[in-house]
Each structure stands twice: as structure tokens, then as C-alpha cells.
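Asks: could you work out the structure for the sequence below:
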Amino acid sequence: MTFAEEPAPLLELSLAFSMLQRRDAHPVFGPWRRRTARGMPRQARALLELVSPLGAGPFFLDPPSPAFDEGLERVLSTPRAAARAELDRMCGIDRSLSPWMRNLAAGERDAWQTLDQAIRSAHTSVLAENWPDIRAGFQTEIAWRARVLAQQGLHATLSGLCPSLRWRGLTLEARSPRDQEFTLHGQGIILQPSLLWADHLLAAAYPDGRFVLIYPALTPLPLRGPGASDDPLTPLVGATRARALRLLVRQHTTTDLARELSVTPAAASMQAKTLRQAGLIVSQRDGKAVWHWCTPLGLGLLAANGGPTEAHGHRSAARGRIGAQPLPVRGGAAP
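Replies: Numbering: from 1, shown residues only. Take a look at the predicted model:
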């Protein structure tokens, strides 16, 4: 298993347009979605026809190139037969071909010029200003997952990508809107975090046989606050969750945590859920109260970032069964 070395601009752009269509998505994306939609040029809106709210899209739209110009060149040089096959495939997911998409499938020059203009306009309005922050968040996320891999191994690393993931023998399963199955052929897995996607795992196979898992980063772009922070944990988990994790070297109920963080109990519960999904804390109900405290992994992260490392007390985490389905596919042969 390896990690992607850099974020891919066209992949993040495609996923951003998926999130723009998701009114049921992660609540932190609500203000971002409204702000981005207000500032989006008319030319860029053509991309909304190509990508699905489910995160699926034609594979030629978001090649895994780390450079925008190189990626755009690859998009525009897509063989027309391949583009037509992918657009036809999209009809089997959740969309029908608009007149413009039919012209794309037919290889009409004006339609492809419209796509060129849409991608350039969307990149300028949605990604360009935020790209340094996206890149920094990506590198922080990769460093964190590499630490999990070194400390807990492959199974724990993959299981921690998404709360619905589970192992069934040697098969990794996850809940998703679509049923897809992938068989690895010795080429390994590439982990690709996204700061602009906050839903189920997306999966695809590259033409060379490598398998990529696209998963939501622990801290999405809307939670990466502006400016520097004195707390080295902030770039990874966000300012509020960094404070919460440091508090949870001692056991706290959700109500206690909310009071310490000066947030509502619902907001404290959401922060605890994210930390729990990352394997940094565990939670257990005791009557009407829910107690939270750091795991060894959480304590190790605090120790590596100048935090308190002595936990007080211990409780065993409750464990449950989660239903699952095979992983969903993103795009066609590759994202």
C-alpha cells in the first residue's frame, strides 16, 4: 500500500462539484457550498452536468495529475471514442445526457471548447485561491495516516478511513450507493485523501492495475481555519478538535466536553464522533451519559505534538457490527 504523493487538482475539482450538489452532505460544507455557488461563473456550471452527487464522473474528467495544466491537457486529448463510452456509462448511474453532453460524445469541437472553458473557470473560482491550503492539508493527512500505518498496521489503517469499513477475511467492504467489486492483482493500493469530499469511499482501478481508494480527509477544507496556530495539532484535526483531544486525556462526558469547549452538546458530540472515527478516542454510554477518552493512538499523537500524555482512568470500548456492501467505483477505469 502506498500514499498518493500530491493532491490532484482535477480530482478535487470534480469532487467539489459533486459536493455542491449534496444538500445532505457533511454540515460543515453548507456555508462553503452556498459561498462557492454564489461566486461561481456561469461558464463553470457546465461541470454540474458531468459529475454526480454520488461522487461518480467520467474518468477522463479528473486524471490523477498533480499539475493542473498537465491534467487539463490530458482531458482535452481524450480519444473521442473513450469519451463517448464514458458518457454513455454515466447514463447508467444517475444522469441522462444533456444536449451539450451529446455533443461532447459526438466529438464536436464547440462542445469540447466549452469543457475547456468550464474547467479553467471552475479551477479559478473554486480551487486556485484555496490550493495552498488544500495541499498543506493533504500533506498533513498523509503524514497522519503514515503514522497510523507504522503504529497499527495495514488493517487498522484501512479500517480507519471510513466508519462503515470492515474486513471480512481478506475482503474489505464498505457501505455505498452502488455495488462494485474489485480484485487486486498484486499492484497494491493507493490511498488518495480528498479535502473536498465528505461521504462514502470511492474506488477505481488505474489502467496499469493499481487500485486507488479516495477517502474524505480527517479535516475537510471548510474546517481548515485561516492563519497559523500555536497548536501543532490544528492543521491535522482543526482547532476545536485539537482542544477536545487534549481535554480527553481525562474522561469527559459529552456535556462536560461541550462546557469546556464552549459549544453545544450536539456540536461536542459531532467533534467526538470525528475523533472516534479516526481512532483517536473511544466512547461508551453509561446510563444517560456518554463518556469519551483518548486511545493509545490519540495519546501517541499528543505526545508527538507537545501535548499531555497521561490518561486518567480507563473504560473498555463498546463494539458493534456494521453492515456493508462492496466498494463503489469512481469514474471508469481511473479517477
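
Asks: my guess is Gly57 contacts Val51. True?
Replies: Yes. Counting by Cβ atoms under 8 Å, Gly57 does reach Val51; the two are 4.1 Å apart. All C-beta spots, glycine's among them, are computed from the backbone N, C-alpha and C.

Asks: shared neighbours of those two, anything?
Replies: Listed as contacting both Gly57 and Val51 by Cβ atoms under 8 Å, 6 or more residues apart in numbering are 14, 18.

Asks: how about the strands in the stretch 151-300 of the chain?
Replies: Applying DSSP state E, counting those that start in this stretch to the stretch 151-300 of the chain gives strands spanning 166-168, 171-173, 189-194, 202-205, 211-216, 252-253, 281-286, 289-294.

Asks: any idea which helix or strand in the protein has the lowest mean pLDDT?
Replies: Using mean pLDDT, DSSP states H and E, helix 234-237 stands out as the lowest-scoring helix or strand of the chain, at a mean of 70.

Asks: which residue ranges form the strands in the stretch 1-150 of the chain?
Replies: 2-3.

Asks: show me where pLDDT drops low in it?
Replies: Low-confidence segments of the stretch 1-150 of the chain (pLDDT under 70): 25, 92-95.

Asks: what does the stretch 151-300 of the chain give?
Replies: Confidence mapping of the stretch 151-300 of the chain against pLDDT under 70 gives the ranges 170, 174, 176-187, 207-209, 225-233, 235-236.

Asks: which residues sit in contact with the most centrally placed residue in the chain?
Replies: The chain has Pro216 as the residue nearest its centroid, 1.7 Å off, counting by Cα atoms, centre = their mean. By Cβ under 8 Å, 6+ apart, the contact set of Pro216 is 26, 162, 193-194, 197-199.

Asks: go on, Leu280?
Replies: By Cβ under 8 Å, 6+ apart, Leu280 lies in contact with 237, 245, 294-295, 297-298, 301.

Asks: what do you get if the cut-off is 6 Å, keeping everything else the same?
Replies: By Cβ atoms under 6 Å, 6 or more residues apart in numbering, Leu280 lies in contact with 245, 298.

Asks: quick one, phi psi at it?
Replies: Per-residue torsions, Leu280: phi -90, psi -20 (degrees, to the nearest 10).

Asks: separation between it and Asp256?
Replies: Counting by Cβ to Cβ, to the nearest Å, the gap from Leu280 to Asp256 is 18 Å.

Asks: with Ser65 instead?
Replies: Applying Cβ to Cβ to Ser65 and Asp256 gives a distance of 47 Å.

Asks: burial check on Leu172, number of neighbours?
Replies: Residues near Leu172, counting by other Cβ atoms under 10 Å, number 22.

Asks: what distance do you get for it to Leu158?
Replies: Between Leu172 and Leu158 the computed distance is 6 Å (Cβ to Cβ).

Asks: next: Thr240.
Replies: Distance, Thr240 to Leu158, by Cβ to Cβ: 27 Å.

Asks: who's more crowded, the two?
Replies: Set Thr240 next to Leu158 and count neighbours by other Cβ under 10 Å: Leu158 wins out with 23 against 19.

Asks: what's near enough to touch that one?
Replies: Going by Cβ under 6 Å, 6+ apart, Leu158 touches Leu172.

Asks: excluding chain neighbours, what is closest to Pro27?
Replies: Nearest residue to Pro27 in three dimensions, chain neighbours excluded: Met270, at 7.7 Å (Cβ to Cβ, 6 or more residues apart in numbering).

Asks: and for His155?
Replies: Among residues not flanking His155 along the chain, Trp167 sits closest, at 6.1 Å (Cβ to Cβ, 6+ apart).

Asks: residues near His155, how many?
Replies: 10.

Asks: all helices of the chain, in order?
Replies: Remark: helices assigned in the chain by DSSP state H are 9-19, 29-38, 68-76, 80-90, 99-105, 109-122, 131-152, 154-159, 234-237, 239-247, 254-261, 265-277, 296-304.
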